[in-house]
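Q: Starting from these lines, generate the structure:
(one chain, ligands or ions: 2)
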Amino acid sequence: MEICVLASGSSGNCFYIEKNNNAILIDAGISTKQIVNRLFSIGKNPLNVKGIFITHEHSDHIKGADVFARKFKIPIFATGKTIDSCNLCSNEDFINKIRNNETVNFCGMDIESFSKSHRAVDPVSFNIYDKKKISIMTDIGYACQNVVDNVGNSDLLCLESNYDPEMLKNGGYPHFLKKWIESDIGHLSNGDSAKCVFENSSSKLKYLVLSHLSKNNNHPDVAMRSFQLLKKKNSFPKIFVSERERPTAIFKI
Ligand SMILES: [Zn+2]
Ligand SMILES: [Zn+2]
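A: Ligands and ions are numbered 1, 2, ... in the order given. Model (predicted):
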């Protein structure tokens, strides 16, 4: 499989996963134009994309889905509650229901949804399996057992590292927003994310892509510093930071 994080952060999230020239998107939270441009910039044809899987209804995860699905005539997959909570696509024919905790085979890959803790109607994360396992887990208030289990046996992990607690505390967000971000249904801090990987990752983990960094309450260097503790382990992954404005490298596993 190949994976590229086309965009990640509160301004939009989109993950591209491909097997044998057939691909899916996990979330389409940037515009169709941006998705197309970024795919071309990494040498990929948007026509490779055969389906979009949605994690939850927040706009930074869905705002490009409607236009992209209709333009390329491809299905959008989401749980029933998520479908009912937002306008995923103006043509209902493109909307497909999946269950939370279901595995569907699509493009020759097994795509598994599972619950996460976040303030949304039915938020899910996804595992993508071929011979190897990719886990994409962002927008998580805390590292619940599902997160712990998948950190333990994935080959490539895109894991939220949303905020630095000091930057959040000293920043300009209103009090209620700070409280929500820190809560169990908000986002995962750099320190909690690093601790989770330190305590639970195995020698299987080859790549760790820090994801959904806050623009205002984090910085790639600050996030990376938190993960230095992984060097105390016997084996540790290569660590990358995904960005808002440009795609990551293409990771092959
Ligand atoms: Zn988000
Ligand atoms: Zn969210």
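Q: contacts, neighbours, all on C-alpha from now
A: Fine.
Q: any idea where the helices of the stretch 1-150 of the chain begin and end?
A: Assigned by DSSP state H, counting those that start in this stretch, the stretch 1-150 of the chain shows helices spanning 32-41, 59-62, 65-72, 80-85, 145-153.
Q: Just the CA trace of the first one, in PDB.
A: Extracted C-alpha coordinates of helix 32-41, given in PDB (Å, rounded to 0.1, in the frame of the first residue of the first chain):
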ATOM      1  CA  THR A  32     -12.000  19.300  -4.500                       C
ATOM      2  CA  LYS A  33      -9.600  21.700  -6.300                       C
ATOM      3  CA  GLN A  34      -7.100  21.400  -3.600                       C
ATOM      4  CA  ILE A  35      -7.400  17.600  -3.500                       C
ATOM      5  CA  VAL A  36      -6.900  17.400  -7.200                       C
ATOM      6  CA  ASN A  37      -3.900  19.800  -7.200                       C
ATOM      7  CA  ARG A  38      -2.300  18.000  -4.300                       C
ATOM      8  CA  LEU A  39      -2.800  14.600  -6.000                       C
ATOM      9  CA  PHE A  40      -1.200  15.800  -9.200                       C
ATOM     10  CA  SER A  41       1.700  17.300  -7.100                       C
END
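Q: Flag every buried residue along it.
A: 32, 34, 35, 36, 37, 38, 39 (16 or more other C-alpha atoms under 10 Å).
Q: what's in contact with it?
A: The contact list for helix 32-41, computed with C-alpha atoms under 8 Å, 6 or more residues apart in numbering, reads 6, 14, 28, 45, 46, 64, 65, 67, 68, 246, 247.
Q: Once you drop chain neighbours, what's closest to residue 189?
A: residue 163 (4.7 Å; C-alpha to C-alpha, 6 or more residues apart in numbering).
Q: which residues touch that neighbour?
A: Residue 163 is in contact with 187, 188, 189, 190, 213, 214, 217, 218, 223, counting by C-alpha under 8 Å, 6+ apart.
Q: Try it again at 7 Å.
A: 188, 189, 190, 213, 214, 217, 218 (C-alpha atoms under 7 Å, 6 or more residues apart in numbering).
Q: Could I get the residues you listed in CSV, plus columns for pLDDT and secondary structure?
A: Conversion of those to CSV gives the following (pLDDT from 0 to 100; DSSP: H, G, I helix; E, B strand; the rest coil):
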residue, pLDDT, secondary structure
188, 98, coil
189, 98, strand
190, 98, helix
213, 98, coil
214, 97, coil
217, 97, coil
218, 97, coil
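Q: could I get those residues as JSON lines with neighbour count?
A: Formatted as JSON lines, these follow (neighbours: other C-alpha atoms under 10 Å):
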{"residue": "188", "neighbour count": "29"}
{"residue": "189", "neighbour count": "27"}
{"residue": "190", "neighbour count": "24"}
{"residue": "213", "neighbour count": "29"}
{"residue": "214", "neighbour count": "22"}
{"residue": "217", "neighbour count": "20"}
{"residue": "218", "neighbour count": "21"}
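Q: Great, nothing more from me.
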